[in-house]
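In: What shape does this take:
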Amino acid sequence: MTITNIHKSHSRRDILEIVKLFKLPIEDPDDYNKKELSEQVIDVLNTIDNIIPDEQFYDIKNLNELKEHLIKPNQKKILSIKDKAEIMKIAKLIISFCKGGYVVEISYFDTIDEIYSEARRIAQFGDLPTCRRMCNLLNKNPYCNERIYPVISKKVQKDLQIKQLTSKKVHTSLHVKHGKVLVVFD
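Out: Reported below is the predicted structural model:
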């Protein structure tokens, strides 16, 4: 399978990430713009026989899967700006429902069923931080047992794990030393 072009939804940053992750033999990939980098990647992919498989981020095991991934639209960029704005608006309305004490009467929605059906629909866009926050707050609802979990891509899961590990604070502990203490009052 030969590749002729990379789908336009892949950004320069995405292509650079693929070059570095799969260790494609391109010299100084950071120096190229998106068009030049795409041409370099196409040339390399059409000349090499195999790649180093990746099961952590993209779950790509061979060269053909990588080519298919680059030909198809970028999974992270499925949403148009209009669709993303609509999803963000609904997620924020559900967040305000949660912050309002889980009271339907003072929320934008008419029924609790409407809230949960919208939340289930939006949960598939778990790569968006607002959707993850919405699911987290909605799962804390003491009046409902239904749990909604966001669908998160492997790449974002890995990024979140790294972020969590780097943000852990070092806790200092109390050290007690035994001995005599002299307190003097003036």
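In: What residues of the longest helix belonging to the chain count as buried?
Out: Using DSSP state H, we find that the single longest helix of the chain is helix 81-99. By neighbour count on 16 or more other Cβ atoms under 10 Å, the buried set for helix 81-99 is 87, 88, 90, 91, 94, 95, 97, 98. Glycine gets a C-beta too; all of them are placed from N, C-alpha and C.
In: what packs against that helix?
Out: Other elements packing on helix 81-99 under the criterion 3 or more Cβ pairs under 8 Å, 6 or more residues apart in numbering; DSSP states H and E are helix 112-122, helix 129-138.
In: And the first one, what does it pack against?
Out: Using 3+ Cβ pairs under 8 Å, 6+ apart as the contact test, the elements touching helix 112-122 are helix 81-99, helix 129-138.
In: Kindly report the same for the shortest one.
Out: Applying 3+ Cβ pairs under 8 Å, 6+ apart, one finds that helix 129-138 makes contact with helix 81-99, helix 112-122.
In: could you check the angle helix 112-122 makes with the first one?
Out: Spelled out, that is helix 81-99. 140 degrees (axes from the mean of the first three to the mean of the last three Cα atoms, to 10 degrees).
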